[in-house]
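>>> One predicted model, sequence on top.
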Amino acid sequence: MNTHRPVRALSRALSRALSNSSSSVQPSSTFPLKNVTKSNFEPALAELRRHVAAADFVAIDLEMTGITSAPWRDSLEFDRADVCYLKVKDSAEKFAVLQFGVCPFRWDSSKQYFIAHPHNFYIFPRQEILATNPAYEFLCQTTSIDFLAKYQFDFNICIHEGISYLSKGQEIEALRHLSLAYEDELLAKWSNLKEPVHMPVVKMADTLFTERMKNIFTEWRDGLLRNSNGELQLQGNSNDSQQQLRIIFFKMRPALSLSGFTSHQLRLIHLVIRRHFQDLAYVQINGEKTCQQRLVVRTDSKDDRELLMKEVKDEHCRQAEVKVQAAVGFRHVIDLLSSEQKLIVGHNCFLDIAHIYSKFVGPLPSTAEEFVSSVNKCFPYVVDTKMLLNANNVLQQRMKKSQTSLSSAFAMLCPQIALGKKSTDLAFQSCVKVEVQVDDLRSSNWNSGAKHEAGYDAFMTGCVFAQTCSHLGIDFQSFLPSEHLAHNEKLQKHINLLYLSWSNRDIIDLTSGKKNAVSLGYTNHKKRYPEILFENIALIWGFPSKLKARDIRECISKVFGPTSVTSIYHLDETAVFVQFNKEKFVSEFLILKETLERSDGPVSVLHPLAGLLEGGNTQAANYETYKDICSSPSSKILFADQADAVGTKWKNKLIESKAAMESLERESFGEKNEVNTAFVFC
């Protein structure tokens, strides 16, 4: 996914849906695609298991509800690698995935072509298990929703038919919650379990009811054979006549099924059993349609009673496991991809991988190093087609360098596949051939698919990968079924290298966690700004809105020299990065700002920085503060508001470093005093 192009990426957030959601395969005139919703998920998953097990690689693509929660959270050239990760983390945590494309590719050595099985899963973060976690929340960017509405997207398919899911962490929590639910519910409802067994029942109605139930249970226990009609009728001529105790067998033991009682009456029945009957047990089980059923069960001994309670709890745990497995939903697909350890192929897919981890594994780690270590355990082989396109000079020239978007790469490298038609053109014939199979239908002729649909984008990604492998010298015609494509020596050096950020070409190795793998031959694009030295950067925000970049540069240059500022970069209209040509200027600038703001004398008014500090709202910090602000989950549109929202954190850091700054101030006081005095009296 090309995250450097937000408009296109946002348009893919909620992809074009079918007008008839009950059909899993599109008509033959369009691209053949397996559409999967909750209604056909189980058979589709069983089929996908076979295809993935036989696949040489699996291409994926995700469609999200948005990319960035604020303009300043977009990928910027001035973002250090750890900051790039924090921005990706923020995006993956805040936005939802509503479509997931999975396309296994298998090389058919007899036919000499790949067979692709494109699947388009509609998913929706529905809360299937109540009381385990708060309801899901996610952001949608209005530009995305507006764009999709113009293309008549049917939101109902995702909302009503989308497959729900639980992450691994949520599954563990759900199992813990449900396995203890039986005991917890009893403890909650029968809060008097810790009270003395012979605590008196105060209300007369309760006394009469408990005595009547005591007599009924005694009669039933002592005369089970005598009550051969299968029912006992409660004595009385009021509502009690509507309530029945039905004799049944539960786990090979005689039991009374309780029905028609209020929760208070059930509580009293439980008290009666505990006080007067050591050979009876009160149990609670899940009946039909998840309704709770209460039973009084006859046991032979204390050991038999304990065995019964264990059996009931075990049964509850088994039911909980079944319920949770059903709620796991789409994550079964992720578990399948992980367990098979196939080569996973994406396009500019670092954000996709972060979404997969966040939605289906657990909370994203706080650092990129922890993240890549965890991802590598789940998916040991990941390849990014955008990386491959920039690793080969011939491909770069053919793609005209910058045209490495998925649709451009597909049209340029796979024209025969893109058109879905056979051709006598030699250039077309040189392409790696692909046929598409959906259910039992296989096709090599189709019209162009919906390019912003996850299933079709996954197919395009796989086709681009296959063709790129051919350009890298991988000969599929001699490819053996036993070979593992990820172990191919010509491809292996490109495995697990992903772009952290396309705007500054930061590369991260999912195997080692190392960044900036420029030694592998990836060409750096021409940067707009000189080499960025992050330790030389000061972050300034909250300055008067009338100031432009040149005004800020002029103010600072008058103090530190005409060449002291190498570049100024706007995060948004409220904040800028100022890169100095010397690292020491950062701390000196911060000290000078604090000194001027503490002073009420004429120097602060006449000083060249006075315009920058006008209004008293200007704040400044080093690059580490920028990282801290980016790590906050707050979602303020303007950076200045975001910084204020997490102000305590960065202000405390400034206070902690105040002693060091004052020490530096004393050391440089003579030099700084000469500079300031010269400008005051110019």
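Thanks, I have the structure now.
>>> contacts, neighbours, all on C-alpha from now
Noted.
>>> Relative to Pro415, how far out is the residue lying closest to Leu389 once chain neighbours are set aside?
Excluding its sequence neighbours, the residue lying closest to Leu389 (Cα to Cα, 6 or more residues apart in numbering) is Leu395, at 5.9 Å. For Leu395, the distance to Pro415 equals 15 Å [Cα to Cα, to the nearest Å].
>>> helix/strand/coil for the residue nearest to Leu389?
helix (DSSP: H, G, I helix; E, B strand; the rest coil).
>>> Low-confidence stretches in the stretch 301-450 of the chain?
Low-confidence segments of the stretch 301-450 of the chain (pLDDT under 70): 400-402, 420-430, 448-450.
>>> where along it do the strands fall?
Taking DSSP state E, counting those that start in this stretch, the strands of the stretch 301-450 of the chain run over residues 343-346, 382-384, 434-438, 441-443.
>>> Among those strands, which comes closest to Ser503?
Closest approach to Ser503 among the strands of the stretch 301-450 of the chain (Cα to Cα): strand 382-384, 15.9 Å.
>>> which helices and strands does the closest one pack with?
Applying 3 or more Cα pairs under 8 Å, 6 or more residues apart in numbering; DSSP states H and E, we find strand 382-384 packed against strand 343-346, strand 497-501.
>>> Tell me which residues are up against the last one.
With Cα atoms under 8 Å, 6 or more residues apart in numbering as the contact definition, strand 497-501 has outside contacts at 75, 81, 84-85, 348-350, 382-384, 387, 505-510.
>>> I'd like the mean pLDDT over the helix or strand where Thr207 lies, please.
Assigned by DSSP states H and E, Thr207 belongs to helix 204-222. Mean per-residue pLDDT for helix 204-222: 89.
>>> Report the buried residues of that helix.
Judged by neighbour count using 16 or more other Cα atoms under 10 Å, the buried positions of helix 204-222 are Phe209, Thr210, Met213, Lys214, Ile216, Phe217, Trp220, Arg221.
>>> Leu395 and Pro415 - which one has more neighbours?
For Leu395 versus Pro415, neighbours defined as other Cα atoms under 10 Å are more numerous around Leu395 (20 against 17).
>>> distance of that one from Ser482?
From Leu395 over to Ser482 (counting by Cα to Cα), the distance is 29 Å.
>>> With Arg550 instead?
Distance from Arg550 to Ser482, by Cα to Cα: 63 Å.
>>> Settle it for me: which of those two has more neighbours?
Arg550 (10 against 7).
>>> Would you confirm that the more buried one belongs to a strand?
No: secondary structure of Arg550 (three-state DSSP): helix, not part of a strand.
>>> what pLDDT does it get?
In this model, Arg550 is scored at 93, pLDDT.
>>> Tell me who's in contact with Val296.
Val296 is in contact with Ala255, Leu256, Ser257, Leu258, Leu280, Ala281, Tyr282, Val283, counting by Cα under 8 Å, 6+ apart.
>>> Make sure the first one is indeed in a helix.
No: secondary structure of Ala255, determined by three-state DSSP: strand, with no helix assignment.
>>> what's the burial count for it?
Ala255 has 24 neighbours, counted by other Cα under 10 Å.
>>> contacting residues for it?
Shown in contact with Ala255 (Cα under 8 Å, 6+ apart): Ile247, Ile248, Phe249, Leu295, Val296, Val297, Arg298.
>>> Check which helix or strand the first one maps to.
So that's Ile247. Element membership for Ile247 (DSSP H and E) is strand 244-250.
>>> Just give me how far that strand sits from the chain centre.
49 Å (Cα atoms, centre = their mean, to the nearest Å).
>>> Can you check what angle separates it from helix 204-222?
40 degrees (axes from the mean of the first three to the mean of the last three Cα atoms, to 10 degrees).
>>> What is strand 244-250 packed up against?
Counting by 3+ Cα pairs under 8 Å, 6+ apart, strand 244-250 packs on strand 231-233, strand 253-259.
>>> Least confident of these, on average?
Mean pLDDT is lowest for strand 231-233 among the helices and strands packed on strand 244-250, at a mean of 50.
>>> re the thing from before, buried subset of the contacts of Ala255?
So, by 16+ other Cα under 10 Å, the buried ones in the contacts of Ala255 are Ile247, Ile248, Leu295, Val296, Val297, Arg298.
>>> re the thing from before, just put the contacts of Ala255 in CSV and tack on pLDDT.
As requested, those are exported to CSV (pLDDT from 0 to 100):
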residue, pLDDT
Ile247, 83
Ile248, 87
Phe249, 89
Leu295, 92
Val296, 92
Val297, 93
Arg298, 91
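>>> Which of the residues you listed sits closest to Asp90?
Leu295 (50.2 Å).
>>> doesn't Ser259 make contact with the closest one?
No: counting by Cα atoms under 8 Å, Leu295 stays clear of Ser259, with 9.1 Å between them.
>>> Let me see the ranges of the helices in the stretch 451-600 of the chain.
Secondary structure of the stretch 451-600 of the chain by DSSP state H, counting those that start in this stretch: the helices cover 454-471, 489-492, 549-560, 584-598.
>>> repeat for the stretch 301-450 of the chain
302-328, 331-340, 350-360, 368-378, 385-389, 393-398, 406-413, 415-419, 426-429.
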